[in-house]
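Asker: here you go, sequence then predicted model.
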Amino acid sequence: MWRKPGCLSLALGLCWLSRPPVSYEPGAAFLCSFLTVALRRFCAVPQRAKIPKARWEEEQREDGVKWQQLEHNGPYFAAPYEPLPNHVHFCYNGKPMKLSLAAEEIATFYAKMLDHDYTRKRIFQNNFFSDWTKEMTPEERKKIKELGKCNFEEIHKHFVEKQEARKTLSKEEKQKLKAEAERIQEKYGYCIIDGHREKIGNFKTEPPGLFRGRGDHPKMGMLKKRIMPEDIIINCSKDSAVPPPPPGHKWKEVRCDNTVTWLASWSENIQGSIKYVMLNPSSKLKGEKDWQKYEVARRLKGVVSKIRSQYRDDWKSKEMKKRQRSVALYFIDKLALRAGNEKEEGETADTVGCCSLRVEHITLHSRLDGKQNVVEFDFLGKDCIRYYNKVPVEKQVFKNLKLFMENKDPGEDLFDRLSTTTLNKHLQDLMDGLTAKVFRTYNASITLQEQLEALTNEDDNVAAKLLSYNRANRAVAILCNHQRATPKTFEKSMQNLQAKIDAKKDQLADAKAELKRAKADHKAKKDVKSKATVEKKRKLVEKTEEQLCKLNMQATDKEENKQIALGTSKLNYLDPRISVAWCKKFCVPIEKIYNKTQREKFAWAIAMADEDFEF
């Protein structure tokens with residue numbers, strides 16, 4: 001039992017959740033008992049000490065039931081709009097114009113973004129103006145006909161000045177704001193679940209504003225409307241007090257659904273997606289869900305070879321449905337593509353996943369850049385992030401793609417006999433709990449582990465090891481297409497960093513010169529004092545060299561990461577136990593990898609993984 005891959009970590013997880021094993025082999029009972037004691041002692045670190053031990057040792061509920069008792073105070077709503085002062089004007093066609101309260105509020109959303117690239121995009125401007133005019137009075141609509149004649153400069157200046165004024169607040173004023181934030185957090189930021197006080201993650205509703213989206217989203221600039229109590233569904237237990245809505249309002253619905261973990265929900269107006277108030281990532285339910293997610297991905301490791309062998313065989317199947325499914329699964333496995341979900345016509349942007357690829361999204365090259373059978377992908381993925389890649393594929397995959405594209409128009413589906421639903425149903429038959437997303441988690445985690453093994457040198461200092469870690473993480477981010485625009489402040493921050501490097505080089509040159517003089521002085525005097533001076537100057541040179549090396553590594557890391565987002569994969573796709581084990585094995589403080597919030601989220605992994613953990 002214990003010799004099977006992953007059994008040791010699974011046993012640790014079982015101890016953590018206090019689920020007794022169903023059966024034991026000789027000696028296993030002692031081992032499990034030992035692990036339980038060791039784990040509890042190990043859990044006594046500061047990160048884990050905040051979580052009451054009893055909370056993690058309670059008996060697990062029956063399948064599907066998340067809680068028996070849930071009580072909270074509902075979401076905290078965004079502050080009401082404060083009208084502009086009388087001296088701040090909106091101008092149209094060169095003349096000041098007083099706007100209605102609703103139109104003025106929306107005008108401030110645009111004004112606040114005047115120095116942002118979004119307001120220079122035509123689609124953003126058109127969507128904003130269209131939604132803005134809908135909220136205007138009939139009289140305002142008659143006057144305001146063109147966005148180009150609108151002047152938001154005074155409003156923009158007003159908010160810039162307010163922002164600057166906040167920076168110069170007195171210590172007493174800042175303390176008042178902090179105390180108010182703590183009061184709100186105390187009232188709305190916690191819930192009682194099965195008798196235990198748990199922190200809530202996002203207890204505030206999103207304030208109204210203009211939708212930005214990612215990439216070239218076709219809905220950017222549209223109005224995100226204010227969330228009202230009448231939009232909110234409250235979820236709590238029947239025996240708890242229902243949180244009171246704000247005076248003069250009522251909830252859309254109050255329900256008791258203990259098979260879900262959200263406390264409140266509502267639909268946002270831009271894409272119709274459902275938003276939730278959820279427990280903090282450090283909560284027991286969230287931690288358990290995370291652990292289960294990565295355990296499913298680890299189970300895939302044991303059957304992935306068989307699955308790969310099967311989909312390779314299906315490349316030559318007589319059934320076109322099987323051929324398409326096998327090629328799609330090959331792409332999901334090899335390239336970590338998302339499966340893609342069906343959506344109504346015009347409901348959201350023209351984003352696609354693997355199953356919804358169209359003929360126009362790929363180009364076949366028999367030979368390209370010295371490689372054979374190359375597939376060129378070009379499509380909009382999740383959040384309108386462009387996926388562009390040139391990938392050499394297996395010869396049979398290339399042949400199948402040619403077959404799938406025969407006699408089809410550019411706008412037709414590449415996999416016309418496949419859907420996300422049927423693909424996931426097939427995957428469920430291959431392994432319980434397997435979906436296309438599990439492949440993404442598995443490939444991301446296994447890539448991190450392999451890259452860390454290849455890149456880490458145990459003789460490096462901490463700064464060099466962190467550079468290796470970020471390079472391994474970057475390999476995963478590239479695999480998952482986690483791109484970002486180069487930050488606006490990138491050039492300035494790089495200039496500042498370069499200035500520090502240049503200053504440190506000067507310090508090093510001075511330190512070396514002082515060392516040289518000290519050595520010459522000691523050679524002449526040959527006394528204890530001059531010898532101590534030489535040693536002091538040598539240590540200064542070594543320290544300065546180490547500082548310069550660290551700054552150079554920071555510059556390299558910053559440059560390599562300027563268009564790659566490392567956070568998404570680190571928090572959602574990489575088994576944190578891999579990072580924890582790496583930190584313990586190579587003596588890197590966990591604080592260098594995960595900040596305080598992330599350490600709370602992954603408390604279960606910090607407690608569970610030792611330096612020998614393998615995904």
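Answerer: Nice, thanks for sending it over.
Asker: from here on, just use CA atoms for contacts and neighbour counts.
Answerer: OK.
Asker: name the helices or strands packed onto whichever helix in the chain runs longest?
Answerer: In the chain, assigned by DSSP state H, the helix with the most residues is helix 490-525. With contacts defined as 3 or more C-alpha pairs under 8 Å, 6 or more residues apart in numbering; DSSP states H and E, the secondary structure elements packing on helix 490-525 are helix 528-560.
Asker: what residues sit buried inside the next helix or strand after the helix it packs on?
Answerer: Scanning the chain past helix 528-560 towards its C-terminal end, the next helix or strand to appear is helix 567-572 (assignment: DSSP states H and E). Along helix 567-572, the positions that meet the burial threshold by neighbour count (16 or more other C-alpha atoms under 10 Å) are 569-570.
Asker: where does this protein dip in pLDDT?
Answerer: For the chain, applying pLDDT under 70 flags the ranges 1-63, 215, 341-349, 482-487, 557, 560-561, 563.
Asker: domain ranges for it?
Answerer: Described in terms of automatic domain parsing, the domain architecture of the chain consists of the residue ranges 4-64, 65-280, 286-440, 444-608.
Asker: could I get those domains as CSV with distance to residue 615?
Answerer: Below are those laid out as CSV (distance: least, C-alpha to C-alpha, whole Å):
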stretch, distance to residue 615
domain 4-64, 7
domain 65-280, 25
domain 286-440, 6
domain 444-608, 7
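Asker: that older thread, buried stuff in the longest helix of the chain?
Answerer: If you call a residue buried by 16+ other C-alpha under 10 Å, then helix 490-525 has these buried ones: 497, 501, 504-505, 507-508, 511-512, 514-515, 518-519, 521-522.
Asker: same check, this time on stretch 353-373
Answerer: With burial defined by 16+ other C-alpha under 10 Å, the residues of stretch 353-373 counted as buried are 353-362, 364-365, 372-373.
Asker: quick one: end-to-end length of it, please.
Answerer: Taking C-alpha to C-alpha, to the nearest Å, the first and last residues of stretch 353-373 lie 22 Å apart.
Asker: contacts for that stretch?
Answerer: Residues lying outside stretch 353-373 but in contact with it, judged by C-alpha atoms under 8 Å, 6 or more residues apart in numbering, are 328, 331-332, 337-342, 374-379, 381-382, 392-395, 398, 402, 405, 408-415, 418-420.
Asker: in helices, which of the residues you listed appear?
Answerer: Cross-referencing the contacts of stretch 353-373 with the helices (criterion: DSSP H) gives 328, 331-332, 395, 398, 402, 405, 420 as the overlap.
Asker: quick revisit: and the buried ones among the contacts of stretch 353-373, selectable in ChimeraX?
Answerer: Buried members of those, defined by 16+ other C-alpha under 10 Å, are picked up in ChimeraX with:
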select :328,331,332,337,338,339,340,374,375,376,377,378,379,381,382,392,393,398,405,413,414,415,418,419,420
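Asker: which of the ones in helices among the contacts of stretch 353-373 sit farthest apart?
Answerer: Farthest pair in the ones in helices among the contacts of stretch 353-373 (C-alpha to C-alpha) is 395 and 420. Separation: 25.0 Å.
Asker: now, among the ones in helices among the contacts of stretch 353-373, which is nearest to residue 64?
Answerer: Once C-alpha to C-alpha is applied, the member of the ones in helices among the contacts of stretch 353-373 that ends up nearest residue 64 is residue 420, at 24.1 Å.
Asker: quick check: the closest one touching residue 338?
Answerer: No: no contact is recorded between residue 420 and residue 338 when judged using C-alpha atoms under 8 Å, the distance being 9.8 Å.
Asker: sorry, back to before: turn the buried residues of helix 490-525 into CSV, columns for distance to residue 230.
Answerer: What follows is those, written out as CSV (distance: C-alpha to C-alpha, whole Å):
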residue, distance to residue 230
497, 50
501, 56
504, 60
505, 62
507, 64
508, 65
511, 69
512, 71
514, 73
515, 74
518, 78
519, 80
521, 83
522, 83
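Asker: and those, which is closest to residue 296?
Answerer: residue 497 (42.6 Å).
Asker: so who does that closest one touch?
Answerer: 551, 555.
Asker: measure it to residue 552 for me?
Answerer: 9 Å.
Asker: also residue 367?
Answerer: In this structure, residue 367 and residue 552 are separated by 40 Å, where distance is defined by C-alpha to C-alpha.
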